[in-house]
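S.K.: Need coordinates for the below:
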Amino acid sequence: MLELAGHLADAEIFASARYRWVLAHDHPDLMPFDQDLLATRLHHNQADPDAVLALFEGLRQGNLELWSRTSAHERAREGLHAERGPSSYEVLFREVAGHDRFHLSQIDRTLRAVTAAAG
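M.R.: Numbering: from 1, shown residues only. Here you go, the predicted model:
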């Protein structure tokens, strides 16, 4: 579970950078990242859960505040994702929200399975 929390924080870090690149530059390149490599090399399994959560929460709050300051025109600005092609700020923002929901559902299923097996 700690690696998953680290993954969510990593995704928010990359999203933060991508949002800002797209808003500040004209058609910037958006690099993909290897989630497994990050989890291993950043030692997510050894991280302090409170620190990971604090990092995620701070980044998410900053990203929500940034979103609230942008216009529809700015949200349509695009970057070029190396794997997915053109991606607007709005699409990138919505993808991260969907990414979170996917993993929250994954966590819920895991907790239910563990609870059922223990009980």
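
S.K.: Let me know the secondary structure of Ser87.
M.R.: Recorded secondary structure, Ser87: strand (DSSP: H, G, I helix; E, B strand; the rest coil).

S.K.: Now for the residue lying closest to it once chain neighbours are set aside: which residues touch it?
M.R.: Among residues not flanking Ser87 along the chain, His81 sits closest, at 4.7 Å (Cβ to Cβ, 6 or more residues apart in numbering). Heads up, the C-betas are built off the backbone N, CA and C, glycines and all. Shown in contact with His81 (Cβ atoms under 8 Å, 6 or more residues apart in numbering): 30, 32, 87.

S.K.: Report the buried members of those residues.
M.R.: 30, 87 (16 or more other Cβ atoms under 10 Å).

S.K.: of all the contacts of His81, which comes closest to Phe93?
M.R.: Ser87 (10.0 Å; Cβ to Cβ).

S.K.: Arg77 is in contact with the closest one, correct?
M.R.: No. With contacts counted by Cβ atoms under 8 Å, Ser87 stays clear of Arg77, the gap being 10.1 Å.

S.K.: which helices and strands does the worst-scoring helix or strand of the chain on mean pLDDT pack with?
M.R.: Ranked by mean pLDDT, DSSP states H and E, the weakest helix or strand in the chain is helix 89-118, scoring a mean of 87. Packing partners of helix 89-118 (3 or more Cβ pairs under 8 Å, 6 or more residues apart in numbering; DSSP states H and E): helix 2-24, helix 49-68, helix 72-75, strand 78-81.
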